[in-house]
Structures are given as structure tokens and as C-alpha cells.
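Q: Following is a predicted model, sequence given first.
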Amino acid sequence: MMTTIIDGKAIAADLREKVAQAVSALKSTHDIQPALAVVLVGEDPASQVYVRNKGIATEKAGMKSIEHRLAADASEDDVVNLVRKLNAEEGVDGILVQLPLPSHISSSRVINEIDPDKDVDGLTEVNAGRLILGKDGLVPCTPQGSVIMAKTVRPDLTGLNAVVVGRSILVGKPLSMLLLAENCTVTMAHSRTADLAAVCREADILCAAVGIPRLIKGDWVKKGAIVIDVGINRVEEGGKSRLVGDVDFDSAKENASAITPVPGGVGPMTIACLLRNTVVAAARRRGVGEIDL
Ligand code: NAP
């Protein structure tokens, strides 16, 4: 069987290009330049890289990037007050608080202070509720990217059995809701699932968001299934450090009809979907209506 390797870099580049076109249209037709504000607390090196990359991608799409950096010992109230200030700023369309926050700060309190209509990470309780209720909101980026990728090989997912392994708030739960909205029959699996291999073998779409390198074996994949691997795990092999997914790619691709690689699969989609959410939020907030990307 010919297996399609779903190219996350190419799909993300295509989405970023569409976002840039939408931004350009907002500018020329409505004189609006969408703006994304990112809040970084502390000096975590990985977070600094993520924030820098998000800023570069935002500007490349023609949007304004605003960075707010607070010291690692900033208080919870300092962060909350900054979020409230950004909520009130008319020119700010999206607010993203880079996680993890230092341990003395409640991420949940800070995130839920974000105006849900500016919550471009889709992590507030209001947006989680909208997703469950099937109302227009802002959807978390990684699950959104996962569904876009699946639909590149199968535009209509109606009636398929989807198995999502992992039930985190960031990935597994919203991904399950999105697949339900696509009319899949969804099974949510997790660390207490009995006979995970048998559950996975029922999947027409198998999504893994666990954080365990190569947990999902090739013989857990039904012939012809679409496999979406959200996992990003660093492993040391043969004296080298490399990234692998939650799926054993080499054996899984023998059975899958399509599969996302790691790296170069779901990863690149996350920033692209953040940009998408920002332009969508800008159009809604400023009364231009829905942007279809
Ligand atoms: P998480 O919050 O740690 O959640 C992991 C989930 O996996 C939990 O629901 C857990 O079940 C389940 N699980 C753990 N061990 C299991 C097992 N042996 N069998 C079945 N399920 C098991 O992780 P996350 O934030 O969702 O991230 C998952 C993976 O995606 C990580 O590798 C992460 O790096 C990656 N990720 C990638 C992106 C991206 O941009 N591509 C974005 C976010 C995350 P319980 O609920 O029962 O504990």
C-alpha cells in the first residue's frame, strides 16, 4: 500500500500564506492591522525561543507583534494586571501567555483572565465551553492543526471511528471535540484504558497525544488508517539526540494509509493555527465578520 506522509511543513506554509492574504485584505479594505501580544514571565530558554519564533511568524504574516517580558519573580497580580491591561487595549486582537508560568503563579487564574475573544490559544474555560457547545470560539492550536492535517487526505471525516489517545486539556480533549464536530465516532483513550492496542486497532483515524516515545506500535494500526502523531519526545539514540513521536513511525507506516512524521508533522501547524486564530479574532472583534481560512 502507498502511504502518504502528511507534510506538516508544507500544509503550515500554505496556511500561513492564506493568513497573510487575509491580513493584507483587512489592511487594504478596513485599515486594520491585527496585533498579537505575547506575555513571557521569567527566562526559561525554551520559552524564549518559542516566543521569538511566534513574534517572527506574526510579523511575517503582516501582523503586529507585541512582546511583554516580566521577571521570574513577578507576582501573580503583576501578570493578571498586565493581562487586564491588554484586554482593554483596543489595538490588541490576540493575547497569549507563554506556558509554563513560574510555579508560584496559577496558570489557570492567569489564563482565565484573558478576554475569551482575544484568547488565541483557546485555553480559557469560556472557549473550552464554546467548543463543547459547538459555538464559534477560538480553538486550541495543536488540535486544530491535527484536524486540518487529517482533512488534507480525507476532506470529509463523517462516520469514521476516531481514537484519541491522551485526554489533556491542551490536546486530547479539544481534539476529541473537534473530531466529534466532524461527525466522527470518537473514543477517548488514556492511561487507564484497558487493552489500548485493541482500542487503537478499531481506529480509522488514530491520534496520539501522550508523551511516550513510540508507544503506539505498527500492529496497533488498522490497515488504511490515518495516523496523526502529536507527540514530541526527545530521545538519545546511538549517541545522538533526536525527536520522535508517540507512534512507532517505521512500523505504523506499513499499515497506515497516511501518517504525520515527527518532526515535520503536527509541530509546524501549531504556530500557523495561532496566526489563523489571531486574524479570525481581529475580524470578529472589529466587526468585519467571519474569515474562512
Ligand atoms: P499530558 O498533559 O502529559 O497528557 C498526556 C496524556 O496521555 C494523559 O491524558 C495521559 O492519561 C495519557 N497517557 C499517559 N500514559 C499513557 C499510556 N501509557 N497509555 C495511554 N495514555 C497515556 O500531555 P499533552 O500536553 O497532551 O502532550 C502530549 C504530547 O504531545 C507530548 O509529547 C507533547 O510534547 C506533545 N505536544 C505537541 C504539541 C505540538 O505542537 N505538536 C503541542 C502540545 C503537546 P491520564 O489522563 O490518564 O493521565
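A: In hand now; what should we look at?

Q: going forward, measure contacts and count neighbours with C-alpha atoms only.
A: OK.

Q: Excluding covalently adjacent residues, which one is nearest to the residue of the stretch 1-150 of the chain found nearest the ligand?
A: Taking C-alpha to the nearest ligand atom as the measure, the stretch 1-150 of the chain has Thr142 as its residue closest to the ligand, at 5.4 Å. The shortest distance from Thr142 to any residue that is not its chain neighbour, by C-alpha to C-alpha, 6 or more residues apart in numbering, is 4.9 Å, and that residue is Thr270.

Q: how about the one you found, what does it touch?
A: With contact set as C-alpha atoms under 8 Å, 6 or more residues apart in numbering, Thr270 has these partners: Cys141, Thr142, Gly145.

Q: Need the buried ones from the residues you listed selected in PyMOL.
A: If you want just the buried ones from those in PyMOL, going by 16 or more other C-alpha atoms under 10 Å, the selection is:
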select buried, resi 141+142+145
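
Q: before we move on, the earlier item: host element of the residue of the stretch 1-150 of the chain closest to the ligand?
A: Counting by DSSP states H and E, the secondary-structure element that holds Thr142 is helix 141-153.

Q: quick one: Pro100 from Asn233, how far?
A: Plainly put, Pro100 is 17 Å away from Asn233 if you go by C-alpha to C-alpha, to the nearest Å.

Q: Same question for Asp119.
A: The spacing between Asp119 and Asn233, counted by C-alpha to C-alpha, is 27 Å.

Q: So Asn277 versus Met188, what's the distance?
A: 25 Å.

Q: wait, I meant Ser65
A: Applying C-alpha to C-alpha, the value for Ser65 to Met188 is 36 Å.

Q: do Leu86 as well
A: Distance of Leu86 to Met188, given as C-alpha to C-alpha: 36 Å.

Q: Those two - which one has more neighbours?
A: Leu86 (21 against 17; other C-alpha atoms under 10 Å).

Q: The more buried one belongs to a helix?
A: Yes - secondary structure assignment places Leu86 in a helix (DSSP: H, G, I helix; E, B strand; the rest coil).

Q: thought it was touching Val92?
A: Yes - contact criterion C-alpha atoms under 8 Å: Leu86 and Val92 qualify, at 6.6 Å.

Q: residues shared between the contacts of those two?
A: Taking C-alpha under 8 Å, 6+ apart as the contact rule, Leu86 and Val92 both touch Ala37.

Q: Report the contact partners of the closest residue in space to Ile105 that isn't next to it in sequence.
A: With C-alpha to C-alpha, 6+ apart as the measure, Glu76 is the residue that lies nearest to Ile105, at 5.1 Å, once sequence neighbours are left out. Residues touching Glu76, when contacts are defined by C-alpha under 8 Å, 6+ apart, comprise His104, Ile105, Ser106, Val110.

Q: Looking at those residues, state which has the most neighbours.
A: Val110 (20 neighbours).

Q: need the residues of the stretch 151-293 of the chain near the ligand, please.
A: Counting by C-alpha under 6 Å from any ligand atom, the stretch 151-293 of the chain comes close to the ligand at 165-168, 170-172, 190-192, 209-211, 230-233, 266-267, 270.

Q: let's see 5 Å
A: Taking C-alpha under 5 Å from any ligand atom as the criterion, the stretch 151-293 of the chain approaches the ligand at residues 166-168, 171, 190-191, 209-211, 230-232, 266-267.

Q: Run a quick neighbour tally on Leu70.
A: Other residues near Leu70 number 16, with proximity taken as other C-alpha under 10 Å.

Q: tell me the mean pLDDT for stretch 222-238?
A: Summarised as a single mean, pLDDT over stretch 222-238 is 97.

Q: ditto for stretch 249-263
A: Confidence over stretch 249-263 (mean pLDDT, whole number) is 98.
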